[in-house]
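Q: Return atomic coordinates for the entry below.
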Amino acid sequence: MGPLAGVSWDEQGPNNQGGRTRALMVDPNDVTGNTVFAGSVSGGLWKTTNINAASPTWTPVNDLLSNLAVISIAYDPTNTQTMYFCTGEGYNNIDNVRGLGVFKSTNGGTTWTQLASTNNSTFHYCQKVLVNSTGVVFVATSSGGLQRSSNGGTTFTKVLGTGLGITGALSNFCYDVELASNGDIYSSLDGSVHKSTNAGVTFAAAQAIGVSGSRIELACAPNDMNYVYAVVESGSAVAGITRTINGGTSWTVRTEPADADPGIPASDFSRTQAWYDLTIAVDPNNKERLFVGGVDL
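A: Sure, this is the predicted structure:
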């Protein structure tokens, strides 16, 4: 697999802030698509209203938030003025920054308040925040499994992880949570993938995905509820890519792409940093087209 033909990239920033950028969200309240939020691991939350400009202008939303380790951002589809971001980089990298829970905005991202229910060690390190079509909030945490709130974050309940009696759920490290087009929820613990068909109230046993490993990143096809992909890390390298086309009933291992850089071995596009640098997405217009990313050192 080589670079995409005819595609060029331009730096859009923000380039006047500190920390690794791990979160991006296009503001659904701006019909022009020009407003974008960016979350920095140690630089807080930033915003631009001219992302399509040659040199977008970025400004900090609030430099005095009680925690600036912004990891993931999401909005509520039932009310796009309601937004959430979670904090804390939980991959055990030497320079990780501890978080302090989940923050919420009810005015389109102008002001943010920490959810009191998340001011505890369970939410010190979060991988992702997700909101489904009915406003239910999910947070993937490093020590408390997958957390769920049906009341806008007033309270959270662990719905996936050790201690819930789910066969194969042997970890409280939740790496990812994804939403299928029909509302099903897929989530990965350390080494296992689980599915919920009731909006995350309960999850089934671990699925046999055909690849063994630790970190598992998931991607659901936006145009087909049955297509889900997973990229799996083992021993810091990419162990494989696998896919289901029948909603998790069965999985088939797919071909791993060769790194486009001829200067490194083709067998691991993550350069043995899959434990930290790893991402996956499905083309919203083509369920057969997958994008994966690692790192270029």
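
Q: ends of stretch 159-169, how far apart?
A: When the termini of stretch 159-169 are compared using C-alpha to C-alpha, to the nearest Å, they are 11 Å apart.

Q: Same question for stretch 248-261.
A: Start and end residues of stretch 248-261 are separated by 33 Å (C-alpha to C-alpha).

Q: again with stretch 198-210
A: End-to-end span of stretch 198-210 (C-alpha to C-alpha): 25 Å.

Q: Tell me how far it lies from the chain's centre.
A: Taking C-alpha atoms, centre = their mean, to the nearest Å, the mean C-alpha location of stretch 198-210 is offset from the chain mean by 18 Å.

Q: what sits up against that stretch?
A: Stretch 198-210 has contacts (C-beta atoms under 8 Å, 6 or more residues apart in numbering) with 132, 134, 136, 138, 146, 148, 159-160, 164, 166-169, 183, 185, 187, 192-197, 216, 230, 232, 240, 242, 244, 248, 250-253. All C-beta spots, glycine's among them, are computed from the backbone N, C-alpha and C.

Q: same thing but at 6 Å, please
A: 136, 138, 148, 159-160, 166-168, 185, 192-196, 230, 242, 248, 251, 253 (C-beta atoms under 6 Å, 6 or more residues apart in numbering).

Q: and that stretch, which residues are buried?
A: Going by neighbour count (16 or more other C-beta atoms under 10 Å), the buried part of stretch 198-210 is A199, G200, F203, A206, Q207, I209, G210.

Q: Equivalent analysis for stretch 275-291, please.
A: By 16+ other C-beta under 10 Å, the buried positions in stretch 275-291 come out as W275, Y276, D277, L278, I280, A281, V282, K287, L290.

Q: and if you look at stretch 236-248?
A: A237, V238, A239, G240, I241, T242, R243, T244, I245, G247, G248.

Q: Which of the contacts of stretch 198-210 fall within helices?
A: Using DSSP state H, no member of these falls in helices.

Q: Is the residue nearest to T154 when sequence neighbours are not counted in a helix, a strand, or coil?
A: Among residues not flanking T154 along the chain, S117 sits closest, at 6.1 Å (C-beta to C-beta, 6 or more residues apart in numbering). Following DSSP: H, G, I helix; E, B strand; the rest coil, S117 is assigned to helix.

Q: what's the spacing between S117 and N151?
A: From S117 across to N151, the span is 9 Å (C-beta to C-beta, to the nearest Å).

Q: Of these two, give the one with the bigger neighbour count.
A: S117 (17 against 11; other C-beta atoms under 10 Å).

Q: how many neighbours does S66 have?
A: 12.

Q: on that earlier part again, tell me the spacing between the residue nearest to T154 and G39.
A: 20 Å.

Q: Same question for E178.
A: To G39, E178 is 19 Å away according to C-beta to C-beta.

Q: So between those two, which is more surrounded?
A: G39 (25 against 22).

Q: What pLDDT is listed against the closest residue in space to G101 that isn't next to it in sequence?
A: Closest residue to G101 apart from its sequence neighbours, by C-beta to C-beta, 6+ apart: T118 at 3.2 Å. Reported pLDDT at T118 in the predicted model: 98.

Q: Around T118, count how many other residues there are.
A: If we define neighbours as other C-beta under 10 Å, then T118 has 27 of them.

Q: Tell me if I'm right that it and V102 touch.
A: Yes: look at T118 against V102 with C-beta atoms under 6 Å: they come within range, at 4.3 Å.

Q: Run the chain-centre distance for stretch 82-89.
A: 11 Å.

Q: again with stretch 80-89
A: In this view, stretch 80-89 has its centroid 12 Å away from the chain centroid, taken as C-alpha atoms, centre = their mean.

Q: and that stretch, which residues are buried?
A: Within stretch 80-89, the residues scored as buried using 16+ other C-beta under 10 Å are T82, M83, Y84, F85, C86, T87, G88, E89.
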